[in-house]
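Peer 1: this one's structure only:
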């Protein structure tokens, strides 16, 4: 691949752009200081909760799962250091929503559910998020068209409306990205060679061989 | 030498006078320093940013991906210093401080303009894409033939020996193809194509009866070791700086050669604010330097000056020089200084899926892709509604864990599916020639100042009708070629292109045959100050569609030889 394709390997994750990946024409909207939002510190309970959500998405099998990749801590780092304020809010509110939705569905908190209940719950939530993201895609496209139409009419003041991402899409992206780029994910679930030393463009592959981590 | 800055070579520090001053240490500045010192000149190389040492300063280059706290993604704190880079794909965690601080160094965008800058020793030679293609006479003759811009004062025969000279020294891997519009060079062994790329290339060749060529990229990565440098290890992390010296950069290649002569002094933190012009001799006598750390000003003197400050900053220096004689600056007597800004336009392409090949894979991470050579508006081509042409760059590889697995949600089967490679994805983006328009320009914005109180540049350049038509054709032709090659599920995109985003900005001080319409003559000398040579992207009279750095290097080596010959003849 040439440099043009050196785009972040996560950019196509789940068929959308990575959340928080773009800072648009206005330039950087990075906050100088963190917003005063309870929860950005991520308590140990928050981390355990995220570890379990991550583990349900990427469970331990013959290879380690997301918990062993310290997925909760990874989420804390990214949400704090790389997310914009409004994304941080979606994520933090989303943790609560996830737990509330679980209580509504299963009558108990996510951490009180067994592995099967957690799995079934997240399968349903994943479907909800996919349906939502599809609508968001249509909404964004409509806004793009509207912006283009206004621009062609000479109206530069048009402000695009924004439909927020679904919180579960965020959590799932963070889990996959954090897991497959972690040491256990890259070296055990996938194959990683730091210094390949040579390149062979066309070699045999047999089903079951691991994909390259990078 | 004044200032407390780091001087790599301390032997010559007591003096203010040199044989030659090279402004800039990037791809072309490094070449100027190497050639001039090897010819015996005492050279001062000025770099506006920090010192940046080979190996030692490539801090992330030997880390594993998981050792980066944000796994490669830039933080909001990093982005806050780089609002321009934040708008590009270059916003990667390990290299954010390789980019210039956009807040300290603002510029005005009359039209959207993405200016990727690296203000440190080596400039963008550390970060460059390394694609290295020769131009042909189809390119050097184009302006003269279709009347856009001014005729180039040189032809392929003038530059060919210098392409040889450069390729032999930097190391370019590639395949010999015998294609007239993309002359072969002195190549190290070519990199391999993937199985799918090989078949797509063969099918395109069949379909177009040998008139279209998909070849492996020609790239300044070493497929064999050369003296002083280890071969490419196929890690594909070049932009972090290579611990093996596996690709060409100032640091890996030209700087060590220049240092070896004992005749080079490097002064970092040195912003050249103007060329000191002597109206009696009608030549430059030196440069004024603003120390970026101390804010003190110093004058340095030399017999010749090479301006290699980058395509736009070299023009900026000229605009600020000799203003008491020419209000628009040195070289402005032509009325063209700062005009004819070009780039290569891309962000337009086609991708799809190649079915099958599930039993094929590859080993190693190739820092290179495939290249589809220009075919539009060349002999044998059909009539098109635009002039000039475009190439494509891209590749075919198997999808990884980030792919969408539609039928799976969460849990073990989902995870296991992602641990295996996915389908073969094939994609290309066009790289189109941009015509030299007088109306596409940069100028000084005297109302705004940078961190050092210096006037900033204002950018007013955009794609026009010819480029818009070409972009439509880029999609049509790639779609047709991919369909012929059996690629399925094709999708195309045209995300628009802000000038500068091709990172091939050029043309602000063009070469030409006539001082009334050009800034530089056939040897890159400023018509109005013959001991000033401009050999970076500023000098280009047209853009062609090939990546330009190899041509900058060749022009620099050629001009250096000429300059030294002229000095010997006491003409300079």
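Peer 2: Ah, there it is. It should be emphasised that the depicted structure is a prediction, and the values quoted were computed from it without experimental measurement. Residues are numbered from 1 along each chain as shown, chains lettered A, B, ... in the order given.
Peer 1: Now for residue 41, how many residues are close by?
Peer 2: By default, I'm working from chain A. Neighbour count for residue A:41, taken as other C-beta atoms under 10 Å in any protein chain shown: 10. Quick note: C-beta positions are derived from backbone N, CA and C, even for glycine.
Peer 1: not quite, I wanted chain B
Peer 2: Residue B:41: 23 neighbours (other C-beta under 10 Å).
Peer 1: any idea of the pLDDT on residue B:98?
Peer 2: Note for residue B:98: predicted pLDDT of 98.
Peer 1: For chain A, see how far away the nearest residue to it once chain neighbours are set aside is.
Peer 2: In space, and not counting its chain neighbours, residue B:98 is closest to residue B:118: 5.5 Å by C-beta to C-beta, 6 or more residues apart in numbering or on different chains. Distance of residue B:118 to chain A, computed by C-beta to the nearest C-beta, to the nearest Å: 14 Å.
Peer 1: Spit out the contact partners of residue B:118.
Peer 2: By C-beta atoms under 8 Å, 6 or more residues apart in numbering or on different chains, the contact list for residue B:118 reads B:26, B:49, B:98, B:99, B:100, B:124, B:126, B:127.
Peer 1: If we only consider those, which is nearest to chain A?
Peer 2: Chain A lies nearest to residue B:127 out of those, by C-beta to the nearest C-beta, at 8.4 Å.
Peer 1: circling back to that earlier point, CSV for the contacts of residue B:118, including neighbour count?
Peer 2: Output for the contacts of residue B:118, formatted as CSV (neighbours: other C-beta atoms under 10 Å in any protein chain shown):
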residue, neighbour count
B:26, 29
B:49, 22
B:98, 24
B:99, 25
B:100, 21
B:124, 22
B:126, 27
B:127, 23
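Peer 1: Quick check: residue B:127 touching residue B:100?
Peer 2: No. Using C-beta atoms under 8 Å, residue B:127 is not in contact with residue B:100, being 11.2 Å away.
Peer 1: Helix or strand for the residue nearest in space to the middle of chain A, just tell me which one.
Peer 2: The centroid of chain A falls nearest to residue A:173 when counting by C-alpha atoms, centre = their mean (2.1 Å). Per DSSP states H and E: residue A:173 is located in helix A:167-180.
Peer 1: Show me what from the stretch 251-400 of chain B comes close to chain A.
Peer 2: B:346, B:358-369, B:393-395, B:397-398, B:400 (C-beta under 8 Å from any C-beta of the partner chain).
Peer 1: Throw together a ChimeraX command that grabs the buried residues out of those residues.
Peer 2: Selection command for ChimeraX covering only the buried members of those, criterion 16 or more other C-beta atoms under 10 Å in any protein chain shown:
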select /B:346,360,361,362,363,364,365,366,367,368,369,393,394,395,397,398,400
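Peer 1: Sort out for me which of the residues of the stretch 251-400 of chain B next to chain A are in helices.
Peer 2: The helices, defined by DSSP state H, take in nothing from those.
Peer 1: for the chain, which spans come out with low pLDDT?
Peer 2: All of this refers to chain A. When residues are selected by pLDDT under 70, those of chain A lie in A:1-39.
Peer 1: think we crossed wires, I meant chain B
Peer 2: B:1-15, B:406.
Peer 1: for chain A, what spans make up the strands?
Peer 2: A:200-204 (DSSP state E).
Peer 1: so how many other residues sit close to the closest residue to residue B:354 other than its chain neighbours?
Peer 2: Leaving out its chain neighbours, the residue that sits closest to residue B:354 by C-beta to C-beta, 6+ apart is residue B:424, at 4.2 Å. Other residues within reach of residue B:424, judged by other C-beta under 10 Å, total 24.
Peer 1: surely residue B:424 meets residue B:400?
Peer 2: No. The criterion here is C-beta under 8 Å, and residue B:424 misses it with residue B:400 at 11.9 Å.
Peer 1: The residue nearest to residue B:186 when sequence neighbours are not counted is in what secondary structure piece?
Peer 2: Closest residue to residue B:186 apart from its sequence neighbours, by C-beta to C-beta, 6+ apart: residue B:167 at 4.4 Å. For residue B:167, the element it lies in under DSSP H and E is helix B:156-170.
Peer 1: quick one: contacts of that helix?
Peer 2: B:31, B:132, B:134-137, B:140, B:183, B:185-187, B:220, B:248, B:253, B:257, B:522, B:550-551, B:553-555, B:557-558.
Peer 1: and stretch B:192-205 with chain A, contact?
Peer 2: Yes. Judged by C-beta under 8 Å from any C-beta, stretch B:192-205 comes into contact with chain A at B:192, B:193, B:194, B:195, B:197, B:198.
Peer 1: For that stretch, buried residues please.
Peer 2: B:192, B:193, B:194, B:195, B:196, B:197, B:198, B:199, B:200, B:201, B:203, B:204.
Peer 1: Who are the contact partners of the first one?
Peer 2: The reference is to residue B:192. Counting by C-beta under 8 Å, 6+ apart, the residues that residue B:192 touches are A:199, A:200, A:201, A:202, B:216, B:362, B:366.
Peer 1: one more time with 10 Å
Peer 2: When contacts are counted by C-beta atoms under 10 Å, 6 or more residues apart in numbering or on different chains, residue B:192 touches A:198-203, B:198, B:216, B:223, B:362-364, B:366, B:368.
Peer 1: Touching, residue B:16 and residue B:44? I think so.
Peer 2: Yes. Residue B:16 is within contact range of residue B:44, at 9.0 Å (criterion: C-beta atoms under 10 Å).
Peer 1: Name the residues contacting each of those two.
Peer 2: By the contact definition C-beta under 10 Å, 6+ apart, residue B:16 and residue B:44 are jointly contacted by B:1, B:286, B:300, B:301, B:302.
Peer 1: Neighbours of residue B:19, how many?
Peer 2: Quick note: residue B:19 (other C-beta under 10 Å) scores 18 neighbours.
Peer 1: SS state for it?
Peer 2: Of the three states, residue B:19 takes strand according to DSSP: H, G, I helix; E, B strand; the rest coil.
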